[in-house]
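K.L.:
coordinates only, no sequence provided:
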């Protein structure tokens, strides 16, 4: 599976240039996990393969990468809140920062996930508005057409 974004691109897009994020948190495996978990089931095998091959560069830049960056951010935020090391699982308690509690982290992740889903929905709407431009996209392969989730429950 090919990366649709590098970890450095994800850091820039999702965390911005001003935010300090440990580069070790945003890994290639995190980007691949987000691609596999959130993009491929929606775009389908054929269209996703076309994206991996570098086709549809403008669509990738405008629609896919913003959603992917948010999904990666959603996945790695717990790693930014805690560290696993020789001392076990610890959280940062530096001189100028106070670690967030679990409830605040959960709310932040929910907001980021909602933004990512909204961005992904815009991508799908663009695909479905111009089927002749994107012949590899088959709406029947879009998992969101076969199931829905409400309040964390799969319906």
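P.N.:
Right, received. Where do you want to start? Computed from a predicted model, the values in this text were never measured in an experiment.

K.L.:
for the longest helix along the chain, name the packing helices and strands.
P.N.:
Of all the segments of type helix in the chain, defined by DSSP state H, the longest one is helix 102-129. Here helix 102-129 is seen to pack against helix 40-43, helix 57-59, helix 65-81 when contacts are counted using 3 or more C-beta pairs under 8 Å, 6 or more residues apart in numbering; DSSP states H and E. Just so you know, the C-beta spots here come from the backbone N, C-alpha and C atoms, and that holds for glycine as well.

K.L.:
I'd say residue 2 and residue 52 touch.
P.N.:
Yes. In this structure residue 2 lies within contact range of residue 52 using C-beta atoms under 8 Å: 4.1 Å.

K.L.:
between these two, which one's more packed in?
P.N.:
Neighbours were counted for residue 2 and for residue 52 using other C-beta atoms under 10 Å; residue 52 has more, 15 against 11.

K.L.:
show me the shaky parts of this protein.
P.N.:
Judged against pLDDT under 70, the low-scoring parts of the chain cover residues 17-20, 83-85, 87-100, 148-152, 154-155.

K.L.:
the helices and strands packed on helix 102-129: which one's closest to residue 134?
P.N.:
Set against residue 134 and scored by C-beta to C-beta, the helices and strands packed on helix 102-129 come closest in helix 57-59, at 7.4 Å.

K.L.:
about what we covered before: and of the helices and strands packed on helix 102-129, who's closest to residue 24?
P.N.:
Residue 24 lies closest, by C-beta to C-beta, to one member of the helices and strands packed on helix 102-129: helix 65-81, at 8.9 Å.

K.L.:
just checking, what packs against that closest one?
P.N.:
The contact analysis (3+ C-beta pairs under 8 Å, 6+ apart) places helix 65-81 against helix 7-10, helix 28-34, helix 102-129.

K.L.:
any chance of the ones you listed in a markdown table, plus mean neighbour count?
P.N.:
Formatted as a markdown table, the entries for the helices and strands packed on helix 65-81 read as follows, by neighbours: other C-beta atoms under 10 Å:
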| stretch | mean neighbour count |
| --- | --- |
| helix 7-10 | 18 |
| helix 28-34 | 17 |
| helix 102-129 | 15 |
